[in-house]
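Engineer: here is my input; please provide its structure:
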Amino acid sequence: MELSFLGPLQIKLDGQPATGFEADKVRALLVYLAVESQRPHRREQLATLFWPGWPDASARTSLRNALSNLRAAICDVAADPPFLLITRETIQFNSDSNYALDTLEFEKLIQASQPTAEQLQIALDLYRGGFLEGFTLKDCPAFDDWSLLIREQHQRQASTALSRLAELYEKDKAYEKAITCARKRLALEPWQEDAHRQLMELLATSGQRPAALAQFEACKRSLKSELGVEPSAETVKLYKSIRDSQPTDPSSQAKTHHHNLPAQLTSFIGREKEIEQVKSLLKTHRLVTLTGAGGTGKSRLSLQIGSELLGEFPHGVWLAELAPL
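Structural biologist: Numbering: from 1, shown residues only. Now for the predicted structure:
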């Protein structure tokens, strides 16, 4: 049996939708038992949950009928082991039965001590939407309240997973993937100010400074409409830092090196041993003087070495030619 509760409710048996449910309360009973499978539930408690305000005898009769329909719909009698553990007093979902539950797998992946990007992505793929999206029982407020708590819990977990995944992508300089995660996080919780800050930082770091500044304005609008508040001092500080900084493009920043080396039309051929010796000296002493008779290739050798060392020294590489005495 495959149970998918994240997003629209789906119940499948051997890959096919289970269609034998006579009422939504029967489906809801299965949902509740599967999610709360860690303990047995007393029949009177379930009767009160799903038939509130009914006389006790009527509520228990309705529970028996719903349970009979549920067992038939999921082929519980033929299942080995059965999906439900039933006694005269209690009903419990059998955690040892042959089933898959998306909420259970989602939580396992999210709650790993140090989830990898792959684990987080698998968890987020399971999150098709809010818990029991579009499914309610109008005459069972207690069930709807319970559903809302579970929905909010999983939504927070999905938001946290998106934040972590964005951080992992940012470390790998996969900025577009990180930005996509941040935007999905805001789609879930547009009032989360730290999610706005994360997106602002990612946009600025990836060289999209105007978009980062525009995101601050979007943050202001969201906080005003959702919570009736202004951005915090931390968010304003980040905005001013981005606004007052010089535009940068991290993809090209590493390619920009300070130097005074003239362009070489051809590369220097030979003298590999000498080149490596001078490069080693430069890394240790920073200043090396090459001497020799005119026309022996000192300048060409210096240019070749300087070009190869660009990027090794953050302040640049400079060539100083000395006039002969």
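Engineer: by mean pLDDT, point me to the weakest helix or strand of the chain.
Structural biologist: The weakest-scoring helix or strand in the chain, judged by mean pLDDT, DSSP states H and E, is helix 250-253 (a mean of 45).
Engineer: low-confidence ranges, the stretch 101-250 of the chain, go.
Structural biologist: Segments of the stretch 101-250 of the chain classed as low confidence (criterion: pLDDT under 70) are 246-250.
Engineer: okay, helices next: where are they in it?
Structural biologist: Along the stretch 101-250 of the chain, the stretches classed as helices by DSSP state H, counting those that start in this stretch are 102-110, 117-126, 141-171, 175-188, 193-205, 209-226, 233-244, 250-253.
Engineer: how about the fifth one: buried residues?
Structural biologist: The one in question is helix 193-205. Along helix 193-205, the positions that meet the burial threshold by neighbour count (16 or more other Cβ atoms under 10 Å) are 193, 195, 196, 197, 198, 199, 200, 201, 202, 203, 204, 205. C-beta here means a position set from N, CA and C on the backbone, and glycine is covered the same way.
Engineer: hmm, the last one is touching residue 176, no?
Structural biologist: No: Residue 205 is beyond contact range of residue 176, at 11.7 Å (criterion: Cβ atoms under 8 Å).
Engineer: any idea which of the helices of the stretch 101-250 of the chain is most buried?
Structural biologist: Stretch with highest mean neighbour count among the helices of the stretch 101-250 of the chain: helix 193-205 (a mean of 22; mean count of other Cβ atoms under 10 Å).
Engineer: domain ranges for the chain?
Structural biologist: 2-101, 111-121+148-250, 257-325 (automatic domain parsing).
Engineer: closest to residue 133 out of the ones you listed?
Structural biologist: Of all the domains of the chain, the one in closest proximity to residue 133, counting by Cβ to Cβ, is domain 2-101 (5.2 Å).
Engineer: can you give me the end-to-end span of that closest one?
Structural biologist: 6 Å (Cα to Cα, to the nearest Å).
Engineer: the stretch 1-150 of the chain: strands as residue ranges?
Structural biologist: Assigned strands in the stretch 1-150 of the chain, in chain order: 2-4, 10-13, 16-17, 41-42, 84-86, 90-93, 100-101 (criterion: DSSP state E, counting those that start in this stretch).
Engineer: what packs against the third one?
Structural biologist: With contacts defined as 3 or more Cβ pairs under 8 Å, 6 or more residues apart in numbering; DSSP states H and E, there are no secondary structure elements packing on strand 16-17.
Engineer: going forward, the N-terminal residue is numbered 876.
Structural biologist: With the count now opening at 876, the last piece we talked about shows up as strand 891-892.
Engineer: list the contacts of that strand.
Structural biologist: Residues external to strand 891-892 that are found in contact with it (Cβ atoms under 8 Å, 6 or more residues apart in numbering): 885, 886.
Engineer: now with 7 Å?
Structural biologist: residue 886 (Cβ atoms under 7 Å, 6 or more residues apart in numbering).
Engineer: go on, the fourth one?
Structural biologist: Applying Cβ under 7 Å, 6+ apart, the external contacts of strand 916-917 come out as 908, 964, 965, 966, 967.
Engineer: what's the spacing between the last one and residue 998?
Structural biologist: Meaning residue 967. Separation of residue 967 from residue 998 (Cβ to Cβ, to the nearest Å) stands at 26 Å.
Engineer: again with the third one
Structural biologist: With distances taken as Cβ to Cβ, residue 965 is found 32 Å from residue 998.
Engineer: check the second one too.
Structural biologist: In this structure, residue 964 and residue 998 are separated by 37 Å, where distance is defined by Cβ to Cβ.
Engineer: residue 1036 and residue 991: what is the separation?
Structural biologist: According to Cβ to Cβ, residue 1036 stands 12 Å off from residue 991.
Engineer: and residue 1157, how many neighbours does it have?
Structural biologist: Close neighbours of residue 1157, defined as other Cβ atoms under 10 Å, add up to 17.
Engineer: do I have it right that it meets residue 1151?
Structural biologist: No: with contacts counted by Cβ atoms under 7 Å, residue 1157 stays clear of residue 1151, the gap being 10.8 Å.
Engineer: and the two most separated of the contacts of strand 916-917?
Structural biologist: Across these, no pair lies farther apart than 908 and 964, at 14.9 Å, counting by Cβ to Cβ.
Engineer: count of residues packed around the residue lying closest to residue 1021 once chain neighbours are set aside?
Structural biologist: Of all residues beyond its chain neighbours, the one nearest residue 1021 is residue 907 (7.3 Å), with distances taken as Cβ to Cβ, 6 or more residues apart in numbering. By the other Cβ under 10 Å criterion, the neighbourhood of residue 907 contains 20 residues.
Engineer: alright, that wraps it up for me.
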